[in-house]
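J.: need the 3D shape of this:
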Amino acid sequence: MPIYEYQCESCNHALEALQKLSDSPLVDCPACGKASLKKQISAAGFRLSGGGWYETDFKSGKRKNLAGDAGSSSSVSSATSSTTTTAS
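T.: Presented below is the predicted three-dimensional model:
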């Protein structure tokens, strides 16, 4: 859900509102009660809700696969060490 910023043109009160995309813009100022709220142009903020996160959401450094790092690195090293070439 996006978080929108509003500012009252009458009293300069600023607020943020969590709204659906389909919701109509707010017009009534909670501070002065006048219908003079205007939506501000700003970077879009949003709130994630739900049961889980993707594996790629919170990585540290250049690590690509947090869950498979231990298993994939050991299988790669054992595969490369077992393939040796002999010179004839």
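
J.: just checking, which helix or strand of the protein averages the lowest pLDDT?
T.: When the helices and strands of the chain are scored by mean pLDDT, DSSP states H and E, helix 69-82 comes last with a mean of 48.

J.: strands paired with whichever strand in the chain runs longest, and their directions?
T.: Longest strand in the chain, counting residues (DSSP state E): strand 2-8. Sheet pairing for strand 2-8, assigned by DSSP bridges, gives strand 14-18 (antiparallel), strand 37-39 (antiparallel), strand 45-46 (antiparallel).

J.: list the buried residues of it.
T.: Using 16 or more other C-beta atoms under 10 Å as the test for burial, strand 2-8 gives 4-6, 8. For every residue, glycine as well, the C-beta is placed using N, CA and C.

J.: repeat for stretch 22-42
T.: Judged by neighbour count (16+ other C-beta under 10 Å), stretch 22-42 contains these buried residues: 26, 29, 37.

J.: run through the residues that contact the residue nearest to the first one when sequence neighbours are not counted.
T.: Right, Leu26. Of all residues not flanking Leu26 in the chain, Leu37 sits nearest, at 5.1 Å (C-beta to C-beta, 6 or more residues apart in numbering). Shown in contact with Leu37 (C-beta atoms under 8 Å, 6 or more residues apart in numbering): 6-9, 25-29.

J.: just give the number of residues close to the residue nearest to Cys32 when sequence neighbours are not counted.
T.: Sequence neighbours aside, Cys11 is the residue nearest to Cys32 in space, at 4.3 Å (criterion: C-beta to C-beta, 6+ apart). Using other C-beta atoms under 10 Å, the number of residues around Cys11 comes to 13.
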